[in-house]
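> this one's sequence-less:
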């Protein structure tokens, strides 16, 4: 965990290293960030972050992912990341949630270490303990990331917001960005059966391409698609962990039936374009 915490830089004075000081991290200028008793670092002290998983959503995410129903996605992410990681590489999971996918990568890369960033304190309580070679910190991905330039060998972005300019900045020139997102077929049976469930925007791929093109070029894309049989409790947990949980009537989640559901996602490996990350593209913090 210590090696993972060494990746962090002070968000107040930018690029100043943080060093352990009891139950906190401190920079040379005296800015201090508490390490919560659950193990994550609180970097967003005194700031208002965009909302992440609340307690029921984080609990539902942990319960559903523990069933192994998304194991093919996790294996694909780990396979793609392993091809890009040097022996003692560094993995940044941007929007890590409970750390499920970061832990999968680290299991495949026995000498790598990782750092997960997320706004959800509830999810980070789990992420901080998900792997011995991982650390976790609160952060808003729409802001400049609390890492130095060219620090990461792999950036994971799995069902999470994107900040292409910052991903490019923190990646080494030989590094790779791995983006996982749903297709229009993903969970379509649930969306058809569940009033109020958020649909997949048909323009999502075009927006992703526009956002990433100034900074990255796609190397390969893998589609992970399969039918998933669910029990009623598994269906409820799946609904409870999605962004739709904020809009659904709780009774609809509890009363969800257990259909066979299509899982359909795309996982793309992106190579950073060469050049100074501060000079590429129209802005430093464009978000997709």
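Received the coordinates, thanks. The structure presented is a predicted model; accordingly, all values stated were derived computationally and were not measured.
> averaged pLDDT, the longest helix seen in the chain. What do you get?
Ranked by residue count and defined by DSSP state H, the top helix of the chain is helix 71-84. For helix 71-84, the mean per-residue pLDDT is 97.
> go through that helix and flag the buried ones.
Neighbour counts over helix 71-84 (16 or more other C-beta atoms under 10 Å) mark 73-74, 76-78, 80-81, 84 as buried. Glycine gets a C-beta too; all of them are placed from N, C-alpha and C.
> need the residues you listed in TSV (columns: distance to residue 115).
Shown next, in TSV, are the buried residues of helix 71-84 (distance: C-beta to C-beta, whole Å):
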residue	distance to residue 115
73	21
74	18
76	21
77	16
78	17
80	18
81	14
84	16
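> if we take the residues you listed, which one ends up nearest to residue 268?
Lowest distance from residue 268 to the buried residues of helix 71-84 (C-beta to C-beta) belongs to residue 80, with 8.8 Å.
> the closest one contacts residue 219, correct?
No. Using C-beta atoms under 8 Å, residue 80 is not in contact with residue 219; the gap is 9.6 Å.
> quick one: the strands in the chain, in order.
19-20, 24-26, 32-34, 90-94, 113-118, 134-138, 152-158, 171-182, 216-229, 260-272 (DSSP state E).
> can you pull out the low-pLDDT segments for this protein?
For the chain, applying pLDDT under 70 flags the ranges 1-2, 45-51, 247-258, 275-288.
> quick one on the thing from earlier: common neighbours of residue 80 and residue 219, please.
Common contacts of residue 80 and residue 219 (C-beta atoms under 8 Å, 6 or more residues apart in numbering): 176, 269.
> and residue 16, what is it in contact with?
9-10, 27-29, 31.
> next, count neighbours for residue 274.
8 (other C-beta atoms under 10 Å).
> so residue 35 touches residue 43, yeah?
No. The pair residue 35 and residue 43 fails to qualify as a contact (C-beta under 8 Å) at a distance of 10.6 Å.
> of those two, who's got more company?
The residue with more neighbours, out of residue 35 and residue 43, is residue 43; 24 against 20, by other C-beta under 10 Å.
> neighbours of residue 116, just the number please.
Look at residue 116: counted by other C-beta under 10 Å, it has 31 neighbours.
> one more: residue 196?
Neighbours around residue 196, by other C-beta under 10 Å: 11.
> that one touches residue 245, doesn't it?
No. Proximity of residue 196 to residue 245 does not meet the contact threshold set by C-beta under 8 Å, at 10.2 Å.
> give me the neighbour count for residue 181.
Neighbours around residue 181, by other C-beta under 10 Å: 19.
> quick one: residues contacting the residue lying closest to it once chain neighbours are set aside.
Nearest residue to residue 181 in three dimensions, chain neighbours excluded: residue 266, at 6.0 Å (C-beta to C-beta, 6 or more residues apart in numbering). Neighbouring residues of residue 266 by C-beta under 8 Å, 6+ apart: 180-183, 205, 221-224.
> what residues of stretch 8-17 count as buried?
8-12.
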